[in-house]
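Q: Here is my input, please return the structure:
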Amino acid sequence: MFSKCNISDPCAVHLDFDLWEITGRWVSPDGMPAVTVYRNTSRKRGGIRLCLTYNNPQVVCDCTVYCVFGQYYIDLYGRIGIAYDREREMLLLSSFGEYVRAQE
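A: As a prediction, this is how the structure comes out:
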């Protein structure tokens with residue numbers, strides 16, 4: 001999982017983002033499962049959810065995105081850390097690697 005970095009460290013940029021910035025559809029150049037990050041409108045206070053879609057469209061894992069001490073993660077049989085690189089427009093999942101925003 002990602003560690004909390006200090007300000008002088010370049011990886012600190014990846015952990016300081018708002019969840020609304022990562023909403024949308026993401027694809028992996030390495031062939032990992034597609035990711036969709038969306039706002040949960042079915043609950044009163046909302047929240048952000050992350051959906052992993054494997055090659056078979058029927059296999060979908062839908063998880064809540066949690067934030068603990070400034071680190072975002074999902075709980076999918078273990079913690080999977082989430083980071084975001086604004087400069088390269090890349091979503092980073094600790095177990096799956098890098099994702100780029102899908103073209104619509």
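Q: So residue 21 lies in a helix, does it not?
A: Yes. According to DSSP: H, G, I helix; E, B strand; the rest coil, residue 21 belongs to a helix.
Q: For the chain, give me the ranges with low pLDDT.
A: 1-14, 44, 57, 104 (pLDDT under 70).
Q: Can you show me the helices along it?
A: 12-15 (DSSP state H).
Q: which other helices and strands contact the longest strand anywhere in it?
A: Counting residues, the longest strand found in the chain (DSSP state E) is strand 60-68. When contacts are defined as 3 or more C-beta pairs under 8 Å, 6 or more residues apart in numbering; DSSP states H and E, strand 60-68 sits against strand 48-53, strand 71-75. Where you see a C-beta, it was placed from the backbone N, CA and C, and this is true even at glycine.
Q: centroid residue for the chain?
A: Taking C-alpha atoms, centre = their mean, the centroid of the chain lies closest to residue 82, which sits 4.6 Å from it.
Q: Now do the contacts for that residue.
A: 22, 50, 65, 72, 73, 74, 91, 92, 93, 94 (C-beta atoms under 8 Å, 6 or more residues apart in numbering).
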